[in-house]
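> What follows is a predicted structure for the sequence shown.
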Amino acid sequence: MTDSNARVVLQAKGLNKTYREASQTICVLDGVDLSVTAGQMAAVVGASGSGKSTLLHCLGLLDQPDDGDVVVDGQATTGLSETRRSRIRNRSLGFVYQFHHLLAEFSALDNVAMPLIVRRTKLASARERARSLLEQVGLANRDQHYPGQLSGGERQRVALARALVTEPACVLADEPTGNLDQETAASMFALLQRINNEAGTAFVIVTHDNKLASMAHVQYAMDNGRLTC
């Protein structure tokens, strides 16, 4: 899974990001370089405010760095229009957050199918693919349940299925187990590992849990905007 000849699916090149707060300029990313290959699971740990989430937002094309470039599956993204960035995001990246961000008015099945529906895939095809993903995460019998009818762990598994439905090159996960109890968190991370092993999906996981991070192929530490391996 960490073959040096594997294709690079996500790369950060010299990312810099600053914010203005009152009269201060705060450096959040300071020359960050990162390379993730196909099938690799990378974990990023660090204290609150160290820049982990900002890095993930830049990698996911949800925010733009002041300098540097993010390359997604071979496509440089600096200077692209938001429309083009959104298209790359939809086709090449998946997202899992600490809070699942499921749509309350849609079933688990249609929540998972939503990225394909946005892509204008035929509804029947989108739902067929969504059903397959729900089966993979162990929720085939919950496809018609709404988020409010699911446990926290089940909601996160639905969110993971949604992230995988477009067959992304890489899934970005921001504290995916942070809102779960210890046992459920361990189960969720085991599921991430299984999908990584079986499907070869690359993951970048931000976590405060060093024990979980140690299970990834490579671990990075974020400190004052700098990333070290």
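That came through, no problem. Keep in mind the model is a prediction, meaning the values are calculated, not measured. Residues are numbered from 1 along each chain as shown.
> how about the nearest residue to Asp30 once chain neighbours are set aside, what does it touch?
Distance criterion CB to CB, 6 or more residues apart in numbering; nearest residue to Asp30, sequence neighbours excluded, is Gly225 at 3.7 Å. C-beta here means a position set from N, CA and C on the backbone, and glycine is covered the same way. Contacts for Gly225 (CB atoms under 8 Å, 6 or more residues apart in numbering) come out as 17, 27-30, 32, 50-51.
> Test my guess that Asp67 contacts Ala12.
No. With contact defined as CB atoms under 8 Å, Asp67 does not count as touching Ala12 (11.4 Å).
> For the two, indicate the residue with more neighbours.
Ala12 (22 against 13; other CB atoms under 10 Å).
> In this structure the more buried one contacts Gly68, no?
Yes. Using CB under 8 Å, Ala12 is in contact with Gly68, at 6.8 Å.
> shared neighbours of the two, which are they?
Listed as contacting both Ala12 and Gly68 by CB under 8 Å, 6+ apart are Val32.
> Next, the buried residues of stretch 86-102.
For stretch 86-102, burial by neighbour count (16 or more other CB atoms under 10 Å) applies to 88-89, 91-98, 100, 102.
> out of those, which are inside strands?
Judged by DSSP state E, the subset of the buried residues of stretch 86-102 located in strands is 93-97.
> Now for the residue sitting nearest the centre point of the chain: which residues touch it?
Geometric centre of the chain, nearest residue: Leu172, 1.5 Å, by CA atoms, centre = their mean. The neighbours of Leu172, taking CB under 8 Å, 6+ apart as the test, are 56, 59-60, 93-96, 203-204.
> circling back to that earlier point, out of the contacts of Gly225, which are buried?
For the contacts of Gly225, a neighbour count by 16+ other CB under 10 Å gives the buried set as 17, 28-30, 32, 50-51.
> if we can go back for a sec, quickly list what the residue nearest to the centre of the chain is bridged to.
Using DSSP bridges, the beta-bridge partners of Leu172 come out as Phe95, Val204.
> So it versus Leu62, what's the distance?
In this structure, Leu172 and Leu62 are 9 Å apart, going by CB to CB, to the nearest Å.
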